[in-house]
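Colleague: I would like the atomic coordinates for the input below:
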Amino acid sequence: MEKNSIFEYFIFKSLLLLSREGNVFQNDLSILKSIKLLFFFSTVSDLDHEPLIDNFERVKALPLGHVITDVYSSMKLDSLRHFRFNKNGVVLKNPSINESDFDSRIRSEVDYRFDLLLQFNPDILKMTAYELVELSHKWFSWNYYFNKARLNGQSSIDIPIEVIKNERKIYKF
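Modeller: Below is the predicted model:
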């Protein structure tokens, strides 16, 4: 599956949910918050559904937690189809966007896992970017590999996908 499409549909679902809730919508899906949410979303699974993290190929341990590097690069290069991200939030590139703008296979893969993420932490979309950073710092994979990078004088290092898939998942404090 196409990783940017998975990410954009996840953002679409997040924006829909956030805008439907009774409170005033706060567009805080910044680059940092969105890339953190994508990491957590990509790791959810149950007995019948594998995590989607394999679709993203490369995850790095950076000072602000796990980063799915290909999607992060697409965000920074403004090469996504539907959304433009900045340090404060996200904007639509086109006047409107609909669920039908996304491939049905991607929708079916994302929809279930989106709901599963919200079962694990109903408030995860409302968390701040820095709360999500702190949450990702509780994961073994980030601690181990970021410390390994620092011991080697580096600020980032690749995290093997299999390590992430096999570790204990933490979705809330």
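Colleague: In terms of helices and strands, where is Ala12?
Modeller: Careful, residue 12 is Phe; it's not Ala. Assigned by DSSP states H and E, Phe12 belongs to helix 3-20.
Colleague: what mean pLDDT does that helix have?
Modeller: Mean per-residue pLDDT for helix 3-20: 94.
Colleague: got it, and stretch 128-147?
Modeller: Along stretch 128-147, the predicted local confidence has a mean pLDDT of 98.
Colleague: So which bits of stretch 131-151 are buried?
Modeller: Neighbour-count burial for stretch 131-151 flags 131-133, 135-137, 139, 141-142, 145-146, 149 (criterion: 16 or more other C-beta atoms under 10 Å). Any C-beta I mention is one placed from the backbone N, CA and C, and that applies to glycine too.
Colleague: what do you get for stretch 87-98?
Modeller: Residues of stretch 87-98 classed as buried by neighbour count (16+ other C-beta under 10 Å): 90, 97.
Colleague: next one: stretch 62-76
Modeller: Applying 16+ other C-beta under 10 Å to stretch 62-76 flags 62, 64-72, 74-75 as buried.
Colleague: contact partners of the helix holding Phe12?
Modeller: Here helix 3-20 makes contact (C-beta atoms under 8 Å, 6 or more residues apart in numbering) with 25-26, 29, 34, 37-38, 41, 52, 55-57, 68, 70-71, 74, 79-83, 90, 97, 99, 102-103, 106-107, 109-111, 114, 118, 125-126.
Colleague: Any of these buried? List them.
Modeller: By the neighbour-count criterion of 16+ other C-beta under 10 Å, the contacts of helix 3-20 include these buried positions: 29, 34, 37-38, 41, 52, 55-56, 68, 70-71, 74, 80, 82-83, 90, 97, 102, 106-107, 109-110, 114, 118, 125.
Colleague: Sort out for me which of the residues you listed are in strands.
Modeller: If you go by DSSP state E, the buried ones among the contacts of helix 3-20 have 68, 83, 90 in strands.
Colleague: Nearest residue to the second one in space, please, no chain neighbours.
Modeller: To tie it back to what came earlier, the one meant is Phe83. On the basis of C-beta to C-beta, 6 or more residues apart in numbering, the spatially nearest residue to Phe83 that is not a chain neighbour turns out to be Val90, at 5.2 Å.
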